[in-house]
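A.B. asks: next come a sequence and a model predicted from it.
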Amino acid sequence: MNRTVKSMVAVAAVAAMSLGMAACGSSNSSDGDAKGKVYYLNFKPEAADQWTALAKKYTEEKGVEVKVQTAASGTYEQTLKSEIAKSEAPTLFQVNGPVGYQNWKKYTADLSGTDIYKELTNQDVALKDGDKVVGVPYVMETYGLIYNKDILDKYFATDGAKAKSVDEINSFDKLKAVADDMQAKKDELGIKGAFTSAGMDSSSDWRFKTHLANLPLYYEFKEDNVTEQPAEIKGTYLPEYKQIWDLYLKDSTTEPTQISAKTGDDANSEFALGEAAFYQNGTWAWTDLQKAGMSADSVGMMPIYIGGPDEENEGLATGSENYWCINDKASDADKKATEDFLTWVITSDAGKEALSKDMGFTTPFKTFDDVTSDNPLTEAAVADQKSGRTAVSWNFTMMPSEEWKNKLGAALLEYAQGTGDWSAVENAFVKGWASEYAASH
């Protein structure tokens, strides 16, 4: 995340809630011990209320205590470190992929016999350590350039438009030509910029230091057949990273010198108000866009074109950094209770509706084959997967550390503000990778 970290700190502040105390209210306390209990440390602040409601419903149905705690924005690792050391530690937590797993490998139970693993449509997406299944993704997410169909249609009808349909925008060169022309015609189009602000506040910078940085990594790793976290990278496609970042800054609603204070909410608002045509974000953004008044038939999503090879056949970026892990150090009763809870979440009508509708997730389980989505960005992701284009894999799960991302983000901001040059970005990207990898191995 990263892409799921938002500025909803008020909502997402660490707030433990023990729910459904019916199980605890029994005069026979050993009954609760026999049933086991669940403690879920949730990573996603934007889904905090939905998880709370779902836990309450499960407790009402099954009489099993479920406690949900949500870590504040950007604090999951430190919160997990604190909670896991307690006597009442989380029975259910998550890691973001192979790198995050290294910190918690001694706590991860083998999930190969669980329903959540057995029900995966493609078991290759599970996180594995040898033959051991250590994590199961519960959401597959997709990101790209969200676009406003109404603004683009208005642009396509202008004199000298550089494209006449979204389908024609299938390369960086074409995207740049369209964005530059839209910026020149912004008064005619009634917009403030082609792109929303590239905010480098902590609620927004993950879109660029993580998600956008995934693109040069994707092309380099694909070219070099890299399948595991490398000790060093070359930065082969840093020139392409630079040109898309330059485009975001140049054809924007906001001057580059002002982006340090711009937030994720600012970008969401600019897009929802029709002030910009393009907004880099993912399927998870629809909830906020809908709340801001956008209609489903006004938005679509296209790949992020940076000028990589064969990019006309490039699809959206699809993957997961949300893997459920069961605490192997929990009691057998609590582990069984946690497995049962997760089975209910992916098989019950209430659980399926919560994940797919209330939280807006695209899930990787066979039990969701009959679920349709009212999220237009999810529909765009499904259509993209069926299009024959090659999905961009999520390689940022191999980024060596949060510090690497933070230093890259700082260098991007200094470059944008004119207080640093691009060589600092290159150093943070390539040399920073090697040093951060060495520090953790």
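C.D. replies: Sure thing, it's come through.
A.B. asks: report the separation between Asp340 and Thr347.
C.D. replies: Look at Asp340 and Thr347: by CB to CB, to the nearest Å, they are 11 Å apart. For glycine as for every other residue, the C-beta is placed from the backbone atoms N, C-alpha and C.
A.B. asks: now Glu414
C.D. replies: For Glu414, the distance to Thr347 equals 50 Å [CB to CB].
A.B. asks: again with Phe195
C.D. replies: 42 Å.
A.B. asks: how about Ile169?
C.D. replies: Following CB to CB, the distance that separates Ile169 from Thr347 is 41 Å.
A.B. asks: more neighbours: which of the two?
C.D. replies: For Ile169 versus Thr347, neighbours defined as other CB atoms under 10 Å are more numerous around Ile169 (23 against 16).
A.B. asks: verify the stated contact: the more buried one with Gly300.
C.D. replies: No - contact criterion CB atoms under 8 Å: Ile169 and Gly300 do not qualify, at 10.9 Å.
A.B. asks: secondary structure class for the nearest residue to Leu355 once chain neighbours are set aside?
C.D. replies: Closest residue to Leu355 apart from its sequence neighbours, by CB to CB, 6 or more residues apart in numbering: Phe361 at 4.9 Å. Assigned by DSSP: H, G, I helix; E, B strand; the rest coil, the conformation of Phe361 is coil.
A.B. asks: hang on, isn't Phe361 packed against Tyr138?
C.D. replies: Yes - at 7.3 Å, Phe361 counts as touching Tyr138 under the criterion of CB under 8 Å.
A.B. asks: list the residues that contact Ala231.
C.D. replies: Ala434, Tyr437, Ala438, His441 (CB atoms under 8 Å, 6 or more residues apart in numbering).
A.B. asks: ditto for Ala89
C.D. replies: Ala89 neighbours (CB under 8 Å, 6+ apart): Tyr39, Glu83, Asn327, Lys329, Ala330.
A.B. asks: now swap in Asn395 and tell me
C.D. replies: Per CB under 8 Å, 6+ apart, neighbours of Asn395: Asn214, Leu217, Tyr218, Phe221.
A.B. asks: for it, which non-adjacent residue is closest in space?
C.D. replies: Leu217 is the one closest to Asn395 (CB to CB, 6+ apart), at 4.4 Å.
A.B. asks: for the one you found, what are its contacts?
C.D. replies: Ile233, Asn395, Phe396, Met398, Met399.
A.B. asks: skipping adjacent residues, who's closest to the last one in space?
C.D. replies: By the measure of CB to CB, 6+ apart, the closest residue to Met399 outside its immediate chain neighbours is Lys405, 6.1 Å from it.
A.B. asks: do the same with the third one
C.D. replies: In this structure, Phe396 finds its nearest non-sequential neighbour in Asn214, 4.5 Å apart by CB to CB, 6+ apart.
A.B. asks: how many neighbours does that neighbour have?
C.D. replies: Neighbours of Asn214 using other CB under 10 Å come to 24.
A.B. asks: kindly report the same for Asp421.
C.D. replies: Asp421, neighbours per other CB under 10 Å, totals 11.
A.B. asks: just checking, it touches Asn427?
C.D. replies: No - Asp421 sits out of contact with Asn427 when judged by CB under 8 Å, with a separation of 10.3 Å.
A.B. asks: no further questions, thank you.
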